[in-house]
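Asks: Here is the input, now give the coordinates:
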Amino acid sequence: MIFYTADLHLGYFPILHDTARPFSGVPEMDEALIANWNARVGADDSVYIVGDFSYNGGEAPTQYLSRLNGRLHLIRGNHDTGLNHAERLLDYCDSVTDFLEIDDGGTHILLCHYPILHEKGGYMIHGHIHNQRNHAYEILKTLPRVLNAGVDINFYRPVPLDELVENNRKYYSEEYPELFPVPPRPDRSAPGLMPRKPDFRPLPQRH
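Replies: Okay, here's the model as predicted:
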């Protein structure tokens, strides 16, 4: 089976405020996300992580990857580049890319951390915007073939395509405020915030 997820931000304190996650701190968040993952995903399932897997002080997040079930495919986000020893990602991931196209059954899928406008057949699956109600949200709610795989609108777990489609339908319909509460504006003064400095190092290579 194929699952999709994004924006776990394991180990990243500011995400608790920015998305209003219901955890008392980073350790509780990390353990809940890992437990939710392994409760759904088996050893032979494939999981496409559409960016921003973790924040690990600039090191490849092997302590998290080693605990997860499934065959992992990382599509890098802005928190996944510039890592020291990035080649170690390939000890746990079948692939590490910045953009990927796959077929999920008979459905063609585009995967990129950053949303891409898409209105034709298949789906474009992204992360990056979390559950913020910003200008990107206003555009994306008009594009039903562009799907947000972020854990903040997918109940903190990887989801198969049919569930991803339904969660996005509910999220953008604005008919379920109890399921998708509006988070506060991101706090750019929070301690532990990553510097806003992109780092587009080359993809890691297998040795």
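Asks: And the helices in the protein, which stretches?
Replies: Assigned by DSSP state H, the helices in the chain fall at 15-18, 26-40, 62-65, 135-140, 161-173.
Asks: which parts of stretch 57-77 are buried?
Replies: Buried residues in stretch 57-77, counted by 16 or more other CB atoms under 10 Å: 60-61, 64-65, 68-77. No exception for glycine: its C-beta is placed from N, CA and C like everyone else's.
Asks: Which of those fall in strands?
Replies: Among those, the members found in strands (DSSP state E) are 71-75.
Asks: burial of Leu111, as a residue count?
Replies: 25 (other CB atoms under 10 Å).
Asks: does it have beta-bridge partners, and which?
Replies: Judged by DSSP bridges, the bridge partners of Leu111 are Leu100, Ile125.
Asks: From Phe23, how far off is it?
Replies: Leu111 sits 27 Å away from Phe23, going by CB to CB, to the nearest Å.
Asks: got the contact list for Pro160?
Replies: Shown in contact with Pro160 (CB atoms under 8 Å, 6 or more residues apart in numbering): 1-4.
Asks: rerun that using 10 Å as the cut-off
Replies: 1-4, 40, 45, 104 (CB atoms under 10 Å, 6 or more residues apart in numbering).
Asks: Please apply the same query to Asn167.
Replies: Counted by CB under 10 Å, 6+ apart, Asn167 has contacts 147-150, 153-155, 159, 176, 179-180.
Asks: circling back to that earlier point, deepest in the core, which of the helices of the chain is it.
Replies: Among the helices of the chain, ranked by average contacts under mean count of other CB atoms under 10 Å, first place goes to helix 15-18 (a mean of 20).
Asks: Could I get the average pLDDT for that helix?
Replies: Computed over helix 15-18, the mean pLDDT rounds to 90.
Asks: what helices or strands is that helix leaning on?
Replies: Secondary-structure packing of helix 15-18 (3 or more CB pairs under 10 Å, 6 or more residues apart in numbering; DSSP states H and E): helix 26-40.
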